[in-house]
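**Q** Build me a model:
(one chain, ligands or ions: 1)
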Amino acid sequence: MIRVGVNGYGTIGKRVADAICVQPDMNLVGVAKTRPNYEAEIAIRNGYDLYAADPAQMGSFAEAGIDITGPVSDLVAASDVIVDATPSGIGEQNCKLYDAHSTKAILQGGEDADAAEMSFVSRANYDDVGDERTVRVVSCNTTGLTRLLAPLAERYGVETARVTLIRRGGDPGEIDRGPINDIVPDPTEIPSHHGPDVNTIFPEIDIETAGVKVPATLMHLHSVNITLEREPGAQRVHELLQNESRLFFIPEQAKIGGLGPLKEFARDTGRTRGDLWENCLWEESLTVAGTDLSLFQSIHQEADVVPENIDAIRALASEQSREESMRLTDETLGVGLESMFADSRRRAVRPAADD
Ligand SMILES: NC(=O)c1ccc[n+]([C@@H]2O[C@H](COP(=O)([O-])OP(=O)(O)OC[C@H]3O[C@@H](n4cnc5c(N)ncnc54)[C@H](OP(=O)(O)O)[C@@H]3O)[C@@H](O)[C@H]2O)c1
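**A** Below is the predicted model:
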């Protein structure tokens, strides 16, 4: 069993902690937070050992009646791998602590690329992880772009990729983010940092990205234009992408016309927190003309990096291959449209006739 600690129990950390608990080859040692709040209470009620990220704050947990197992250094010492899901910039500072205990670490996309030894997306470079002690699971947007580009680059070659990222202003819990009444080029310069970030995984791909921030918390929407090196035909591309476990086509007949209904669909099927771990591609948007391919895809920023964190743990601390790890992660989490429907049926109020 791989012993895993999660340092930083916010949007990403709490999802990764829950995902670790359903892996047959991993034990969650515990989670670390800086302060006692509702998330600390939930961690304890979930049965997770809670560690103090700031030892000076151990008293404030005691005052709030929340049991602390120890300082974060104890968590690091007891873990084979730490998933660091602290706010951007803190992960890099924490690396000294992980090094001191010879504990391998996974950083998140808010850290600079050079904070870790390599950037990681399961589908693209799981098998390249060797003796590294730190990897960085790239951001939600970069993960989504890389998952889409990987099969296309393998099968047809990618000459250029031009992507406009229409980004959510903040996560639902982020009360201080915006805009609340604007549409903001973010950054105003082109390219945005996402294209160069994809190049940390695929250095050879000519990719340019532009970012726009909008007053929404639901998901990101990517408008993707790719020129392939070889001509594919629309049906072939559809088949290729449909065979990727972490991409799903939103069926045209589902009449899901926006990100609101898409999240509602996820909630209706019983997905925990309404999470969408997959890239969600609009079926009718897929257009192929010669070597040019266009489509819309949506990325659930709070969720899509969760399967990648689980695979990154195995890449660092096991002998499992990419295929084995991705299959196990997908199976245990229930990734994919069919699993969503199966879950929905399991939770159905009225059993199906053949039950
Ligand atoms: N949210 C997204 O859309 C998203 C998507 C992909 C990647 N990421 C990346 O994932 C990382 C985490 O982002 P997030 O959205 O999960 O942030 P978040 O929701 O703010 O969660 C981070 C948590 O870490 C805790 N924390 C703060 N300082 C800490 C410290 N020194 N040690 C340990 N814990 C500390 C905070 O809780 P307490 O202060 O209460 O302990 C906070 O809840 C960032 O690199 C981000 O760029 C985020």
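
**Q** Up against the ligand, what does the chain have?
**A** Within the chain, the residues that sit near the ligand (Cβ under 6 Å from any ligand atom) are 7-8, 10-13, 32-35, 37, 53, 85-88, 90, 108-111, 139-140, 171, 301-302, 305. Bear in mind the C-beta positions are built from the backbone N, C-alpha and C, glycine included.

**Q** which of these are buried?
**A** Among these, those classed as buried by 16 or more other Cβ atoms under 10 Å are 7-8, 10-13, 32-34, 53, 85-86, 90, 108-111, 139-140, 301-302, 305.

**Q** Now, the residues you listed that are in helices?
**A** Thr11, Ile12, Gly13, Ile90, Cys140, Val305 (DSSP state H).

**Q** what's the most distant pair in those residues?
**A** Using Cβ to Cβ, these reach their maximum pairwise distance at Ile90 and Cys140, which is 18.1 Å.

**Q** on that earlier part again, select from the residues of the chain next to the ligand every entry located in strands.
**A** Taking DSSP state E as the definition of strands, the residues of the chain next to the ligand contribute Asn7, Ala32, Lys33.

**Q** Now flag whichever of those residues is closest to Phe249.
**A** Closest approach to Phe249 among those (Cβ to Cβ): Asn7, at 36.3 Å.

**Q** Let me see the contact set for the residue nearest to the closest one when sequence neighbours are not counted.
**A** Leaving aside its sequence neighbours, Asn7 sits nearest to Ala32 (Cβ to Cβ, 6 or more residues apart in numbering; 4.5 Å). Ala32 is in contact with Gly5, Val6, Asn7, Gly8, Tyr9, Leu50, Tyr51, Ala52, Ala53, Val72, Leu75, counting by Cβ atoms under 8 Å, 6 or more residues apart in numbering.

**Q** so the second one makes contact with Asp18?
**A** Going back to what we said before, that points to Val6. No. Applying Cβ atoms under 8 Å, one finds Val6 not in contact with Asp18, separated by 9.8 Å.

**Q** Pick out whichever of the two has more residues nearby.
**A** Neighbour count, other Cβ atoms under 10 Å: between Val6 and Asp18, Val6 has more, with 33 against 18.

**Q** Distance of that one relative to Asn37?
**A** Val6 sits 16 Å away from Asn37, going by Cβ to Cβ, to the nearest Å.

**Q** Equivalent analysis for Ile44, please.
**A** Separation of Ile44 from Asn37 (Cβ to Cβ) stands at 12 Å.

**Q** Over to Gly13?
**A** 13 Å.

**Q** Tell me the buried residues in stretch 199-207?
**A** Residues of stretch 199-207 classed as buried under the neighbour-count rule (16+ other Cβ under 10 Å) are Asn199, Thr200, Ile201, Phe202, Ile205, Ile207.

**Q** what's the answer for stretch 147-156, then?
**A** Buried residues in stretch 147-156, counted by 16+ other Cβ under 10 Å: Arg147, Leu148, Leu149, Ala150, Pro151, Leu152, Ala153, Tyr156.

**Q** With only the CA atoms kept, save stretch 165-181 in PDB.
**A** Extracted C-alpha coordinates of stretch 165-181, given in PDB (Å, rounded to 0.1, in the frame of the first residue of the first chain):
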ATOM      1  CA  LEU A 165     -10.000  29.700 -23.000                       C
ATOM      2  CA  ILE A 166     -13.100  31.300 -21.600                       C
ATOM      3  CA  ARG A 167     -12.300  30.900 -17.900                       C
ATOM      4  CA  ARG A 168     -14.600  30.900 -14.900                       C
ATOM      5  CA  GLY A 169     -13.900  33.900 -12.700                       C
ATOM      6  CA  GLY A 170     -13.500  31.800  -9.500                       C
ATOM      7  CA  ASP A 171     -14.600  28.600  -7.800                       C
ATOM      8  CA  PRO A 172     -18.000  28.600  -6.100                       C
ATOM      9  CA  GLY A 173     -16.400  28.900  -2.700                       C
ATOM     10  CA  GLU A 174     -14.200  31.900  -3.600                       C
ATOM     11  CA  ILE A 175     -16.300  34.800  -2.500                       C
ATOM     12  CA  ASP A 176     -13.500  37.400  -3.300                       C
ATOM     13  CA  ARG A 177     -13.000  36.500  -7.000                       C
ATOM     14  CA  GLY A 178     -14.500  38.100 -10.100                       C
ATOM     15  CA  PRO A 179     -15.400  39.800 -12.400                       C
ATOM     16  CA  ILE A 180     -19.000  40.200 -11.400                       C
ATOM     17  CA  ASN A 181     -20.100  42.300 -14.400                       C
END
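
**Q** how about His193, what does it touch?
**A** For His193, the contact set (Cβ under 8 Å, 6+ apart) comprises Pro187.

**Q** what's the answer for Ile180, then?
**A** With contact taken as Cβ under 8 Å, 6+ apart, Ile180 is in contact with Gly169, Pro215.

**Q** Can you check the pLDDT for it?
**A** Note for Ile180: predicted pLDDT of 96.

**Q** host element of it?
**A** Using DSSP states H and E, Ile180 sits in no helix or strand.

**Q** how near is it to Gly170?
**A** Distance from Ile180 to Gly170, by Cβ to Cβ: 10 Å.

**Q** Give me the most central residue, this structure.
**A** Nearest to the mean C-alpha position of the chain, by Cα atoms, centre = their mean, lies Val305 at 1.0 Å.
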